[in-house]
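# okay, predicted coordinates and the sequence, questions at the end:
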Amino acid sequence: MPSPYPDLCSLRNAMRRIEGFSLTRGTASGGDAEVQSLQGGHTTQRVPLGAAPLDGILGGGLRPGSLHEVVAETARDEAAASGFAVALAGLVARGRTLVWILDDRTAWEIGLPYRPGLAAHGIEADKLILVKTKDTATTLWATEEALRAGAPVVLTELWRARSYDLAVSRRLLLAARRRGATNLVVHVGLRQHEVSSGAETRFAVAAAPSERLPSAGAATPIPGPAGFAVRLVKWRGDPDSRFGFDRDQIHHLSWDRSGRRFSRPNDLSRLSGRHRTEASPRGDAA
Amino acid sequence: MARLLSLWLPTLPTDRLRRHGAPEGPLATIEPLKGAQRIAAVDTAAAAAAIRPGMTLADARAICPALATVTADPDQEAKALRAIGDWGLRFTPITALDPPDGVLLDITGVTHLFGGEAALLDTLTADLAARGFAGRAAIGDTIEAAWALARFGTIRIAPPGRAAITALSRSLPLAALRLPSPVLQALAQAGLREIGDLLTRPRAPLAARFGATLLERLDGLIGLHKSPLTPSTPVPLFLAERRFAHPIATVEAIEASLLSLARHLAAQLERQAQGARRVEAVFFRVDGVVKRLALGTSRPLRDPVALVRLFHEKLESLGEEGLDTGYGFDVIRLGASVAEPLTSAQAELAAAAEQAAEADLALLIDRLGARLGATRVVRLRNADHHRPEEAAIAWPAHRLSTGPSMPDEPGRLRPLKMFDRPEPIDATAGVPDGPPLYFRWRRTLHLIAAVEGPERIAAPWWTTAAPTRDYFQAEDVAGHRFWLFREGLYGIEAARPRWFLHGLFG
């Protein structure tokens, strides 16, 4: 849309360029969580997840205007990984428009977004635009289009996207940076060692037993807030400390449906060991 | 002053068969009528052999043993007429079908493009003959005048004005009034043969004896009354058109010409401060086939480049094969059939930035919709239904603004993802009407550690008897969460209730 003030427009563009530059430098020097920039009229402030150790490693939280990936630990955890990414998308979107792109195969594997359940998972359903594609190539095209168009948050669910590589992810990352849009990519059907990309962060997510509540009448307890066991397997936000975090550390998070935020589960003693190696099968904790 | 062209295709059924390789020689179509095979339509050779529609097949064979016959196919004939109607759109945007064997064209103000009315008639009939259809066409001030001249006139063009058509129609037979046959018979019995016989008689007795239709048709013929033409395709409000001496077939050339058309369209829209909400590109292939590409936009749009980018997505998804360019297109027309006021940008700065962001999103929705199809770019809305699969509807995003919809039902536990259709699972419950203990889904066994439910959801009483469902939220030992239901009340609706998995929680 042509602006009525062309001079002002070019001035703002120049400011954006300078701000964008200082933002990358600012992060490189100290990982300051409060670095702000005028991008697309919104302040890009790190979005805390609500769980202290993870937010600490990430330098305050998830950075908007970048590319973040979520991978399931095992084939059984695909839905949990998707749910985790949806919650992240909701946290970053804060009531702004969310574009959710997935292909038919993914919908067959883990289902289509269901409107009545979105609010409890942190999504403002009225602001959601759902895009259903036929294949990976179209999904990636639609994602790039959405990022270029300045959609605040784009959630992409890919099914075994072997074509998703460094070059593709770099394109998405650049498109995201240009307009300050955030792209969350969920790899369905791939394990974390099968993905290589230029993403800023990558989470490996598994479901974790929730803090169950005793049932009044029956022996079987009632499910509590949804639990996640999250590993941060990639983070390139801070070049100095790229290897300064523990990839095998499992962060236990639980999703607070009413508060719409993550928190740390209260009772950590029930949960399995803090460390585990890549090769060992994930023990069922309960 | 309106000018209308009526095209008559006297041998449409047999011409259609000839195009599909019917043999030479007299040809007729037959249909069963009153227990006998009767002639439905004939070609010129058969007509010359005195074969007439309505004859029994046996009589016709007796007159002309060489007559070839094919069973009439009214559906295919109607389809052929529709194709000719589409082809007629290359002459004017306003056409109407005139079944069973005619097409009407409103040629008001377009004849200069073809070098006058006579030249237009020549072009039209020659073009039609090249496609294998014999046609007679005539031009008049009203539908009735053009219709009568095409079928019964010796002169093809009635000059404008009532005096001319009145003089021309005097010698026409009464059948040119297109009256129902009982009225025609009654007129014949009264000794009336030509239209001139009617014109000299007082009107009131005619109406009293033969009905009001007679005078209506007569007035239509001589221009006292103008009946409206109902276009068979909606007429665009804004229109730009381009004709090519050499047909174009490549996508690049098509896009280039669409851009120049879009500029013309934008100029027209701008003069009226309008933006297009629905745009249609019509491609006329040299062999008479008409292709259409229609686009809806989520907000009034006028920018030619943005408009062509939408068509680019559409063309990209179709490709040259999808558009079936064939020998190429010689006419391309771009029209806006729905337009809305488009005000210029707001002066206020903050609002302008917000509006720009919204405009970008609207354009995104349009582009994705153009490429993927509008039903694949959706917004989800709550619906007033209790059955979970009907509780949400997907609406094409370009038809829906961001406004709020029905609020969510509070306190209901609903999954994040739902499957298109519930997936059958093998579940085992401790007691037949209790919660499940473990189940197998997609070849994986899940032991249930926590469960909440049942939430009983019955089909509304006015629908057919779908069994009651008991929904459970179940968490397995590893923390995966599922939305399961048991179909049918144990012992009442089903002896062995079946289990399904309907959705997944994040």
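Sure, I can see it.
# make it CA atoms for all contacts and neighbour counts henceforth
Noted.
# can you report phi and psi for residue A:93?
Residue A:93 adopts backbone torsions of phi -70, psi -40, taken as degrees, to the nearest 10.
# didn't it look like it was pressed against residue A:152?
Yes. Counting by C-alpha atoms under 8 Å, residue A:93 touches residue A:152, with 6.6 Å between them.
# who has more neighbours out of the two?
residue A:152 (28 against 23; other C-alpha atoms under 10 Å in any protein chain shown).
# these two touch, right, the more buried one and residue A:100?
No. Between residue A:152 and residue A:100 there is no contact under C-alpha under 8 Å: 11.3 Å.
# just give the closest residue to the residue of the stretch 51-200 of chain A at minimum distance from chain B, not the sequence neighbours.
Nearest residue of the stretch 51-200 of chain A to chain B: residue A:83, at 3.6 Å (C-alpha to the nearest C-alpha). Distances taken as C-alpha to C-alpha, 6 or more residues apart in numbering or on different chains put residue B:506 closest to residue A:83, at 3.6 Å, once the chain neighbours are dropped.
# low pLDDT regions in chain B?
B:320, B:343-352, B:401-405, B:464 (pLDDT under 70).
# and the helices in it?
With helices called from DSSP state H, chain B shows them at B:12-19, B:44-48, B:57-63, B:74-88, B:117-130, B:143-152, B:162-169, B:181-189, B:195-199, B:203-210, B:212-221, B:251-271, B:304-323, B:349-372.
# so which of these gets nearest chain A?
helix B:349-372 (5.5 Å).
# one step back: redo the helices of chain B as TSV? Include mean neighbour count and distance to chain A.
Converted to TSV, these look like this (neighbours: other C-alpha atoms under 10 Å in any protein chain shown; distance: least, C-alpha to the nearest C-alpha, whole Å):
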stretch	mean neighbour count	distance to chain A
helix B:12-19	20	40
helix B:44-48	16	53
helix B:57-63	16	55
helix B:74-88	18	33
helix B:117-130	16	42
helix B:143-152	25	47
helix B:162-169	17	54
helix B:181-189	13	58
helix B:195-199	17	63
helix B:203-210	12	63
helix B:212-221	19	52
helix B:251-271	18	15
helix B:304-323	17	10
helix B:349-372	20	5
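# mind putting the ones you listed into CSV with distance to residue B:454?
Converted to CSV, the helices of chain B look like this (distance: least, C-alpha to C-alpha, whole Å):
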stretch, distance to residue B:454
helix B:12-19, 65
helix B:44-48, 77
helix B:57-63, 73
helix B:74-88, 55
helix B:117-130, 70
helix B:143-152, 69
helix B:162-169, 81
helix B:181-189, 71
helix B:195-199, 82
helix B:203-210, 75
helix B:212-221, 70
helix B:251-271, 58
helix B:304-323, 47
helix B:349-372, 40
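# between the ones you listed, which gets nearest to residue B:98?
helix B:74-88 (8.8 Å; C-alpha to C-alpha).
# other SSEs contacting the closest one?
On a contact count with 3 or more C-alpha pairs under 8 Å, 6 or more residues apart in numbering or on different chains; DSSP states H and E, helix B:74-88 meets helix B:12-19, strand B:95-98, strand B:102-106, strand B:290-301.
# need the contact partners of it.
B:12-13, B:16, B:95-97, B:99-103, B:105, B:284, B:288-290 (C-alpha atoms under 8 Å, 6 or more residues apart in numbering or on different chains).
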